[in-house]
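**Q** 3D model of this:
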Amino acid sequence: MSITRRATLGAGLGVLAAPTLARAQGATHTVGMVVSLTGPAGRFGQAAAKSVELAFNTLNEAAGSAGIAGGRLAFDLRDAQSQGSVAVDQARQLVDLRRVPAIIGGIISSVSIPIVTSVTGPAGVVQISPASSSPTLTRMAAEGQTRGWFFRTITSDALQGTAAARYAMDQGLRRLAIIHVNNDFGVNMVNEFRRAYVALGGQITSTTPYNQGQASYAPEVTRALAGDPPALYLVSYPGDGTTIARTWIQQGGANTFLLNDGMNSADFIRDVGPRFLNNAFGTSSGTVTTPSTEFFARAYPPMSGGFGAGAPAADRAFDAAAILGLAIAKAGRFEAAPIRDAIREVTGAEGEVVHAGPDGFKRALELLRAGQKIRYVGVIGPVTFDQNGDITGPFRKWRIQNGEITTVGQMTTEEVQAVQRQLR
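**A** Sure thing, here's the model as predicted:
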C-alpha cells in the first residue's frame, strides 16, 4: 500500500507525508482536510495530518479486502495557511471540484467559521474540526447557521475560559495582565475568562489584543506591563506567542504565565527558554484514558515525524478521523447526509463499546456489517455530540517544569459548570 506526498510545506519545514492512499481494490473514498500547515497554527495542522494518516491507515488495514463502504479511505490535504480566506478557497476546491462529502478542519476557529458559513454549510457537506473551540460555533449552530453539518472533537472555550479562571485562582494568580490574539478564538476565550476570573476575585490590570504575523510585539507588551502585573495570561499560538513571551521577559515582565491550550508546545518551551517558564501554568481539553489512548500513545510517535502523542490537536484529530471513517462504514455510502447521520450513531450511548487500533476497528467494522450498534470510545475518551455538534469533557491542568509539560490534575465538566452556576 503506497502513500503519495501531496503537501509540500514552506522552506525549512520539510515535507509532510499526506496520506492519499493509492488506488487498491475497490473505490477510493477521498475526504478533504483543510488545516493550517503554515502560519501561527502550522505545527497543530502538521500534527493533526499525521493523526488522520494513522487513523485511516489503521481503519483500512482493519477493513481488509472488504473495504469501508466498498472502498479505501484517503484524504486530500490542503494548507489553510492560518487564514480564513485561503481556507475557504481550498475548501471550495475540495467541494466543487473533488466533490468530497466531508472535510476535516480547520484547526483554528477563524478558519473553521468561514468554511462552514461559506462552503460546507451551504453545500451540505460534513465538517468535523479537531481543535476549533470558539463559543461562536455553538451560537451559530443554535441559530441554524451551520445547518447541522458541523461537529468538533474539542470542548468549547465557554467552558475552558472558566476552567482557566478557576485554575489561576487556585495557583494564587490573583492579579494579571492579558495579551490575546485578536480573532474569534482569542476574543471569546478572554471574555469567558474575564467573566469568571473577576467574579472569583481576580484583578485584570489590562487587556491587550494583538494582530497575527507582526515583526514585533514590543508596543503591545509595553502596554500590558503598565501597572507592573505579577503575571501574564497569554492567549496565543506558539509562533506569535513565542515572540510575545520573549519580549515580555526582555522588557522585565514577571516570569509567571497562564497559558491557553495551544501553548502546550515543546517548540514554545524550547524557543522561549525552559528556565523562564518554570512558573507557567495552563489548561487544555482533557482526556479519559482508554485502550484507544494507549494505542495512540504507542502508534503515533514512531510515524509522526517528530510529534509526541501529547501534541496539541493530535489526539482529537485522530478521533475526528476515526469517527468519520466509522460513520462512512455505518452509512454504507460515501454521501454527505448518511455520513452526517451516522456520526451520532457510532458515538451514541447504545451499542457495543469499541476502541481504536487494528483489533478494535476490526471488531467495529464487523459489528457494523452485521447491522449492530457500536459506541466508539476514543483517544480522548467517550465522545457524544449534542444538537450543536459540541462535546463535553474534562479539562487538563498542567504546568511547565524544567522544560517539560506536566499534568497536575483534571477539572471535570461538572466542576466547571458548578463555577459557572456561581456566576449567574
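
**Q** helices or strands up against the helix or strand that contains Leu77?
**A** Element membership for Leu77 (DSSP states H and E) is strand 71-79. In terms of contacts (3 or more CB pairs under 8 Å, 6 or more residues apart in numbering; DSSP states H and E), strand 71-79 is packed against strand 7-8, strand 20-21, strand 27-35, helix 42-63, helix 84-96, helix 314-331. In this view, the C-beta of every residue, glycine as well, is placed from N, C-alpha and C.

**Q** cutoff 7 Å now
**A** strand 20-21, strand 27-35, helix 42-63, helix 84-96 (3 or more CB pairs under 7 Å, 6 or more residues apart in numbering; DSSP states H and E).

**Q** against Ala254, how distant is Ile244?
**A** In this view, Ile244 and Ala254 are 14 Å apart by CB to CB, to the nearest Å.

**Q** the two - which one has more neighbours?
**A** Neighbours were counted for Ile244 and for Ala254 using other CB atoms under 10 Å; Ile244 has more, 27 against 16.

**Q** on the three-state scheme, that one is what?
**A** Of the three states, Ile244 takes helix under DSSP: H, G, I helix; E, B strand; the rest coil.

**Q** with adjacent residues omitted, what lies nearest to it?
**A** Spatially, and ignoring its direct neighbours in sequence, Ile244 is nearest to Tyr217 (4.8 Å; CB to CB, 6 or more residues apart in numbering).

**Q** export the strand holding Leu77 to CSV, keeping only CA atoms.
**A** Backbone C-alpha positions of strand 71-79 (Å, rounded to 0.1, in the frame of the first residue of the first chain) are rendered in CSV as follows:
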residue,chain,number,x,y,z
GLY,A,71,-13.6,1.4,-0.7
ARG,A,72,-10.5,2.6,1.0
LEU,A,73,-10.2,5.8,3.0
ALA,A,74,-7.9,8.6,1.8
PHE,A,75,-7.8,12.3,2.2
ASP,A,76,-6.8,15.3,0.2
LEU,A,77,-4.7,17.6,2.4
ARG,A,78,-4.8,21.4,1.9
ASP,A,79,-3.0,24.2,3.7
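
**Q** distance from the chain centre to it, please.
**A** 18 Å (CA atoms, centre = their mean, to the nearest Å).

**Q** for stretch 48-65, same thing?
**A** Offset of stretch 48-65 from its chain centre (CA atoms, centre = their mean): 19 Å.

**Q** buried set for it?
**A** Across stretch 48-65, burial judged by 16 or more other CB atoms under 10 Å covers 48-60, 62-63.

**Q** ok, so of those residues, who is nearest Val221?
**A** Nearest to Val221 among the buried residues of stretch 48-65, counting by CB to CB, is Ala48 at 30.2 Å.

**Q** okay, that closest one: pLDDT?
**A** Reported pLDDT at Ala48 in the predicted model: 98.

**Q** cool, and Ala215?
**A** Value for Ala215, per-residue pLDDT: 92.

**Q** sorry, back to before: quick one: the residue nearest to Ile244 from Gln251, how far?
**A** Remark: distance between Tyr217 and Gln251 (CB to CB) = 10 Å.

**Q** show me what contacts Ile323?
**A** Taking CB atoms under 7 Å, 6 or more residues apart in numbering, we find Ile323 in contact with 343, 346-347, 376.

**Q** among these, which are in strands?
**A** Tyr376 (DSSP state E).

**Q** farthest pair in the contacts of Ile323?
**A** Pairwise distances across the contacts of Ile323 peak at 10.0 Å for Ile343 and Tyr376 (criterion: CB to CB).

**Q** for this protein, which residues score under the pLDDT cut-off?
**A** 1-25 (pLDDT under 70).

**Q** re earlier: of the helices and strands packed on strand 71-79, which is nearest Phe295?
**A** Closest to Phe295 of the helices and strands packed on strand 71-79 is helix 42-63 (CB to CB; 8.4 Å).

**Q** quick one: that closest one to chain centroid distance?
**A** Offset of helix 42-63 from its chain centre (CA atoms, centre = their mean): 14 Å.

**Q** just stretch 338-356 next, same as before
**A** Stretch 338-356 sits 20 Å away from the centroid of its parent chain (CA atoms, centre = their mean).
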